[in-house]
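Undergrad: I'd like to go over a predicted model; first the sequence, then the structure.
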Amino acid sequence: MPSEPYIIVNPNANTGKLGKKLDAALALAKEYIGDFEYVVTERPQQEIELAAEAIKKGYKTLIALGGDGTATNMGDAIIGHSDVTLGLLSAGSMCDWHRTHSIPYDLEESLQILAEGHSEKFPAIKCTGDNTNYAFDMTDGGFTGKAAAAAHTEMKWMTIGAIKYNYLALKYILKFKNIPAKVTLDDREPFEVPELTNAFAGVGDDIAGFHVLPSNAEYSQKNKDLGVVIAHGMKGLNRVRLLIKAIPGNHIGMKGVHLDRCRKMIIETAEPLCWENEGEIYSENSTRVEIERIEDAINIIVPKERSYKVDYEEEIYQQKFEESYANRKFEKIDK
């Protein structure tokens, strides 16, 4: 049985920059973790296959060298293998999942954490639409899903991931048409959303640089649930305003923004909605998506000591959907 770690590299991470600096990145990794085996992906989502093969060979520590998509695909293969641990090395465009667990957006600093080897169990989010796969930070559907899907085919010349995603988000925020939806949270009475604009569910706070679910990492850990955002009834410049205000998390209390909490969410839409998690598309044709938290699903190497950011009281997640038709005011916690 192999004792060394097994690294799966996505050379296209960070819009191809990782592939150009791969030799230096691997040399740096050797300084911190010693001997290891590695493989470089050649096609999208190959990480799932490669991780499954590594597990069959007996590797117990798998390391994702890339971004959110690389780590998420490997996580899909690791689910169900309680004796396998995942390490996250920050080398992608966003690395939202990494930041949720206080892993710095710096390769050398993330290697330091990896070398310490402290791991903990974390939840996964089972996402079922056209296909079933797992998210480990956040999943979303609507114009953000369309933007994530477009990122695989459009603007391939753009080398700065954040600029590319923000441009596509702006493009599809203007093109997207609101659709009727029914939302069911746990065993509660479903509520109708006449004009769904976007939906999010997650255990983290941020997606692609937007502070979508403020303080959620803290509350999800405490409550063992998911944070939820339902944006509805927004058109034109109001969507742009939502996008801008969501960068620092100031969309809280905005008319047309509802926050909630649950362990399982079902969204049924009048027309198919595009859904993604960490950049990977799992539904484009289905009118029904199920999203469910799975407890203690995966072992992840994280810093021994860390804290989650808390910038709003939990009451922001305890409002009735009907109240979101008007503007409300919530004060940020003064630290």
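TA: Done, it's in. These numbers were taken from a predicted model, which means no experiment stands behind them.

Undergrad: domain parsing for this protein?
TA: Segmentation of the chain into domains, based on automatic domain parsing, reads 6-117, 126-295+307-325.

Undergrad: okay, now the unreliable bits of the stretch 101-250 of the chain?
TA: Within the stretch 101-250 of the chain, the segments meeting pLDDT under 70 span 149-170.

Undergrad: try 90 this time
TA: 101-107, 142-176, 206-210, 235-240, 243 (pLDDT under 90).

Undergrad: now do the strands in it.
TA: 119-128, 132-135, 138-142, 179-185, 191-202, 226-232 (DSSP state E, counting those that start in this stretch).

Undergrad: for residue 65, find the nearest of these.
TA: Among these, strand 119-128 comes nearest to residue 65, with 17.5 Å by CB to CB. (C-beta placed from N, C-alpha, C; glycine too.)

Undergrad: right, and residue 313 touches residue 319 too?
TA: No: counting by CB atoms under 8 Å, residue 313 does not reach residue 319; the two are 11.8 Å apart.

Undergrad: picking up where we left off before, so can I have a markdown table of the domains of the chain showing distance to residue 301 and mean neighbour count?
TA: Formatted as a markdown table, the domains of the chain follow (distance: least, CB to CB, whole Å; neighbours: other CB atoms under 10 Å):
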| stretch | distance to residue 301 | mean neighbour count |
| --- | --- | --- |
| domain 6-117 | 4 | 19 |
| domain 126-295+307-325 | 13 | 19 |
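
Undergrad: next, format those domains as TSV and append distance to residue 333.
TA: As requested, those are exported to TSV (distance: least, CB to CB, whole Å):
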stretch	distance to residue 333
domain 6-117	19
domain 126-295+307-325	6
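
Undergrad: re the thing from before, tabulate the strands of the stretch 101-250 of the chain in a markdown table, adding columns for distance to residue 88.
TA: Below are the strands of the stretch 101-250 of the chain laid out as a markdown table (distance: least, CB to CB, whole Å):
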| stretch | distance to residue 88 |
| --- | --- |
| strand 119-128 | 11 |
| strand 132-135 | 15 |
| strand 138-142 | 15 |
| strand 179-185 | 30 |
| strand 191-202 | 17 |
| strand 226-232 | 21 |
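
Undergrad: ok, which of those strands comes nearest residue 302?
TA: strand 119-128 (5.7 Å).

Undergrad: show me how far the closest one is from its chain's centre.
TA: 11 Å (CA atoms, centre = their mean, to the nearest Å).
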